[in-house]
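Undergrad: What follows is a predicted structure for the sequence shown.
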Amino acid sequence: MTTRAESSPRRGWFSNSFEAKEARLAWFLILPTALIVFGVVLFPAIFSVWISFRDVGLNNLNDVFNAPFTGLENYKNVINDYAFKYHNLQNWGAAVTTIIYSFVSTALTIVVGLGAAIVLNQPFKARGIARGIFLIPYVAPVVGVAFAWSWLLDPRPSGVLNHILMSLGLIELPKAYLATRGLALGLVVLFQAWRYFPFAMLMLLARLQAIDKTLYEAADVDGASAIQKFANVTLPELRYVLGSIFLLRLMWTFNKFDDIFLLTGGGFGTKVLPVLTYEFSFRLFDFGKGAASSMILMIILVVFMVFYVRIVMRGTEE
C-alpha cells in the first residue's frame with residue numbers, strides 16, 4: 001500500500017511537467033558559463049576586496065586565508081603614499097594624474113573620432129578602404145603599436161622624430177620625449193586618442209548614417225551654414241551616443257594599464273593608479289596594499305559613474 005506522498009505527483013523543480021524540464025535544461029546550459037564567470041570575474045573581485053583588509057605578502061602567500069586582519073590600514077597606507085598624493089604642479093601624484101589622463105584622453109578620443117566619422121560619412125572614392133585604414137590603430141596589437149611609437153620617439157639621434165627634426169635644423173640635440181615630465185604625459189594622452197578613436201568613430205558613424213536627411217534639407221531651406229547645421233542638427237542627434245561613448249571610454253581608460261606601462265613604465269609623471277597597483281603588488285609584493293589601491297580606483301570610478309548617469313545623462317534626456 002503506497003502512502004499519499006509516494007502516490008502524489010512531484011511538483012516544482014523535480015516535476016515531470018514541460019515547464020520544469022525546460023527550466024532544468026536552461027540551468028544546465030548556463031551552468032558552465034556561470035561557473036566561468038564566477039571563477040574568472042566574481043571570485044577574484046570578492047577575493048581582492050577581502051585581501052585589501054589583510055596583511056598579505058610573500059611571507060604568508062602560501063597561507064593567504066589566515067593572513068592577519070589590518071582593517072583600513074592598507075587604505076591609509078595607499079592614501080599617505082608619496083606616489084599617490086598630490087604634491088605640486090610638478091608632481092601631481094597617481095590619483096590626480098589618473099583623473100587628468102582619463103578625462104583628457106577620453107575627450108580627445110571622442111573629438112578625433114567625431115571628426116573621422118564626419119569625414120567618412122561623406123561620399124568619396126575608396127571610402128570603404130579609408131574606413132578599413134582608420135581601424136588599424138584599434139585592431140593592431142597594443143604591444144606592436146606601443147613599440148612602434150617607442151621607436152618613433154627613440155631618444156637617440158637615430159630615432160625617427162629626432163632624425164627628422166635634426167635634419168630640418170629644428171633641434172640641435174636629440175630629445176628624450178618619453179622621458180620628459182609633462183611631455184611624456186601629453187604623448188601618452190595622444191597615443192590613447194590615436195589608438196582608440198576608431199571605437200568612437202564606428203559608433204558615431206553608425207548614428208550619423210541614421211540621421212533623417214530631411215532635417216538637413218530643412219536647414220538648407222532656412223539658409224543654415226555648415227556650422228549651424230552641425231550645431232543644431234548633428235550634435236543634438238548624437239548627444240546620447242556621445243554620452244554613452246564618453247562613459248565607456250572613461251571607464252576603460254581609468255583602468256588602462258598596458259598603454260602607459262609599455263610606453264613609459266609609469267615614470268616621468270605618467271604614473272596612474274593601475275600602474276601604482278601593479279608596483280605595490282608585484283614590485284613591493286605588498287598584495288594587501290595593491291588590492292586597497294585597486295579598491296580606491298574602483299570607488300573613484302563608481303562615484304563618477306553615479307554622478308554621470310544621474311546628473312549628466314538624465315539632464316540630456318530632459
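TA: Yes, it's here.
Undergrad: Now do stretch 56-74: distance from first to last residue.
TA: 10 Å (C-alpha to C-alpha, to the nearest Å).
Undergrad: what about it, distance to the chain center?
TA: 30 Å (C-alpha atoms, centre = their mean, to the nearest Å).
Undergrad: ok, and what's touching that stretch?
TA: Residues from elsewhere that reach stretch 56-74 (C-beta atoms under 8 Å, 6 or more residues apart in numbering): Ile51, Ser52, Phe53, Arg54, Asp55, Phe285, Asp286, Phe287, Gly288, Lys289, Ala291, Ala292. All C-beta spots, glycine's among them, are computed from the backbone N, C-alpha and C.
Undergrad: what comes up buried for that stretch?
TA: By neighbour count on 16 or more other C-beta atoms under 10 Å, the buried set for stretch 56-74 is Val56, Ala67, Thr70, Asn74.
Undergrad: that older thread, let's have the contacts of stretch 56-74 in CSV, adding neighbour count.
TA: Shown next, in CSV, are the contacts of stretch 56-74 (neighbours: other C-beta atoms under 10 Å):
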residue, neighbour count
Ile51, 22
Ser52, 23
Phe53, 19
Arg54, 22
Asp55, 17
Phe285, 14
Asp286, 21
Phe287, 24
Gly288, 26
Lys289, 28
Ala291, 25
Ala292, 28
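Undergrad: Can you pick out the most distant pair from the residues you listed?
TA: Within the contacts of stretch 56-74, Phe53 and Phe285 form the most distant pair, 17.8 Å apart (C-beta to C-beta).
Undergrad: how close does Asn16 sit to Arg24?
TA: Here Asn16 is placed at a distance of 11 Å from Arg24 (C-beta to C-beta, to the nearest Å).
Undergrad: higher neighbour count, the two?
TA: In this view Asn16 and Arg24 are compared by other C-beta atoms under 10 Å, and Arg24 has more residues nearby, 13 against 9.
Undergrad: Checking my notes, the more buried one in a helix, right?
TA: Yes - judged by DSSP: H, G, I helix; E, B strand; the rest coil, Arg24 forms part of a helix.
Undergrad: and Gly115, helix, strand or coil?
TA: Going by three-state DSSP: Gly115 is helix.
Undergrad: State the number of residues packed around it.
TA: 14.
Undergrad: Spatially nearest residue to the residue nearest the centre of the chain, not counting backbone neighbours?
TA: When the chain is reduced to its mean C-alpha position, the nearest residue by C-alpha atoms, centre = their mean turns out to be Trp252, at 1.0 Å. Leaving out its chain neighbours, the residue that sits closest to Trp252 by C-beta to C-beta, 6 or more residues apart in numbering is Tyr196, at 8.0 Å.
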